[in-house]
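Novice: only geometry, no sequence info:
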């Protein structure tokens, strides 16, 4: 893809209200910029709804809006995140053949080059994840009523595996696996936002997880339930699972992977990494006998190199989520009222 | 549905950043407010993606974000609009069995009662249109980076009719039909926004058009192509059709229905009603022999009471869109660079 912005920047250095007005300027954005980026990803620009032949399997449908600030951060940007977020929601139900929509809410005055950078980044992320971007929408809000770019991606996928991956399938004795270190996305954003300076730059973990899930299912791993770890962190995911079933979740702190630099920032700012968002981490609850194989299979994928077992599902206790600390004591893992870091995704 | 807000207003009179944080407060919004409103409309709250059995027909997929200001206006609000907009995009391809997603970007400080009013209104509009609301997402942005409520609705529908409703199907000699007076939505918004005072309140034309399209198809009307008239107005729709095919579109001014009060506002503010958005108006291009029947069938639907023929498709001329004025002269109908009224939808 051409790296320079296809909209003439001397004429339109910034996004105008009229770029969202349904007239020639908006048509220009669609025909010149979005078609250049998404044309070979299946974008259909001549109808109000994209059309496809009947699906083989069941349907999965998901939506996510992205309001992360800043728009660009180490290892990613709002565009990559918007693709990964929806790809990963589809991956939690084992859906394949993802088709995404893309809707922008732009703020008047946004540098046109920033939009192009984000659009290009979405195209790259979609290509890497093997998903289509089939239809879209553009709105522009007046200055002071947005924050550069907000993106909604909705996604449709096909479910062909015939498994029930809902929390109902989880049994006491099952084992929890994650595909890598946790909390890195949230810390990358906050470090960038607060201008924290470290020896090494902490990059987001944002990544597509559909390949990982496909590998697990293809290997016949008895996957009970999948959840991508986002807002609220691993703690929120486990509380949601505990709330949906009648079971409890017990982590082993020494086995939960947190990078040292991420832990340092958490300690500095008073955060618990269990509460921090990831954007490329999947919690898989699997049958105990398949746990080791789930780790081995994950490790064959780039996104699963750091895969590991982090705990087990146990019969319901008074407390739904607990963790055995490094000192051997068992502690309660709480769910916060909200993500400690706002606008993380 | 209970009319009073299910979130305790003494505790949470306004939306907090934490309501979008993935923790207990967001869970409360989902379990208490969204489930109360959308529970019997098919909302699935326990997975990251909603699941459905395989479809019979082809798939249609569409997305739209809504940033209209003000949030509440005569005859509607942003919630009704968000349902109608996506229902109508699906209707343009003749899709049935619509399933919608609903993603909110809320501004910190939004009165909780306003959110409830909008959510309730979405539920009512979905029920009236016979569509499901199956999954959603909530983000909260800090004060001054939103404008109360932005909504994205994406939608999936099934296409079972086997027709090609793209501009390619249009032939010279075909006839243009609309289901009622044009320009009312845009004028209703601008009148409210500018505090214009008239003898009668001008209400939006916002309405679902899926029933109308179903009636046309069931009656065997040879529909060539359908477009709902939104941003950019009827002029933008006709320019898009002209751009997609090799034909020209000729309107007859005396036959294009514009309400007198709408025309007065347009004259006062210097707008051409052909450029003003509607939210419940469909342009149908139909075979000439079926034009009268298309009007008659439309008139059996409440939303089509004002249906009428407005012009014909002709061989390509120098000018793609023209109109015979009341005085008998032919004038060029231009496409604007953008909607004259920003944030109309």
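Specialist: Looks like it came in fine. Please read all numbers here as calculations on a predicted model, not as lab measurements.
Novice: quickly note the distance from residue A:302 to chain B.
Specialist: From residue A:302 across to chain B, the span is 23 Å (Cβ to the nearest Cβ, to the nearest Å). Every C-beta, even on glycine, is put in place using the N, C-alpha and C of the backbone.
Novice: nope, residue A:118 is what I meant
Specialist: 15 Å.
Novice: cool, and residue A:288?
Specialist: For residue A:288, the distance to chain B - Cβ to the nearest Cβ - is 23 Å.
Novice: again, but for residue A:251
Specialist: 18 Å.
Novice: hmm, that residue is touching residue A:331, no?
Specialist: No - using Cβ atoms under 8 Å, residue A:251 makes no contact with residue A:331, being 9.6 Å away.
Novice: mutual contacts of the two, please.
Specialist: Common contacts of residue A:251 and residue A:331 (Cβ atoms under 8 Å, 6 or more residues apart in numbering or on different chains): A:322, A:323.
Novice: who has more neighbours out of those two?
Specialist: More crowded of residue A:251 and residue A:331, by other Cβ atoms under 10 Å in any protein chain shown: residue A:251, with 23 against 14.
Novice: shouldn't that one be within a strand?
Specialist: Yes - applying DSSP: H, G, I helix; E, B strand; the rest coil, one finds residue A:251 inside a strand.
Novice: what's near enough to touch it?
Specialist: A:176, A:234, A:238, A:274, A:310, A:311, A:321, A:322, A:323, A:324, A:333.
Novice: the third one - that's part of a helix, no?
Specialist: Yes - judged by three-state DSSP, residue A:238 forms part of a helix.
Novice: quick one, phi psi at the residue nearest to residue A:95 when sequence neighbours are not counted?
Specialist: With Cβ to Cβ, 6 or more residues apart in numbering or on different chains as the criterion, residue A:95 has its nearest non-adjacent residue at 2.8 Å, and that residue is residue A:157. Main-chain dihedrals, residue A:157, degrees, to the nearest 10: phi -140, psi 170.
Novice: excluding its backbone neighbours, what's nearest the residue of the stretch 101-250 of chain A found nearest chain B?
Specialist: Across the stretch 101-250 of chain A, no residue is closer to chain B than residue A:231, which sits at 2.8 Å (Cβ to the nearest Cβ). Spatially, and ignoring its direct neighbours in sequence, residue A:231 is nearest to residue B:22 (2.8 Å; Cβ to Cβ, 6+ apart).
Novice: and stretch A:129-141, anywhere near chain B?
Specialist: Yes - under the criterion of Cβ under 8 Å from any Cβ of the partner chain, stretch A:129-141 makes contact with chain B via A:134, A:135, A:136, A:137, A:139, A:140, A:141.
Novice: circling back: what sits against the residue of the stretch 101-250 of chain A closest to chain B?
Specialist: A:277, A:339, A:344, A:345, B:20, B:21, B:22, B:23, B:26.
Novice: TSV for those, including neighbour count, pLDDT and distance to residue A:112?
Specialist: Below are those laid out as TSV (neighbours: other Cβ atoms under 10 Å in any protein chain shown; pLDDT from 0 to 100; distance: Cβ to Cβ, whole Å):
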residue	neighbour count	pLDDT	distance to residue A:112
A:277	29	96	30
A:339	27	71	31
A:344	30	92	26
A:345	26	94	24
B:20	29	93	29
B:21	27	90	32
B:22	26	87	33
B:23	24	89	37
B:26	23	92	34
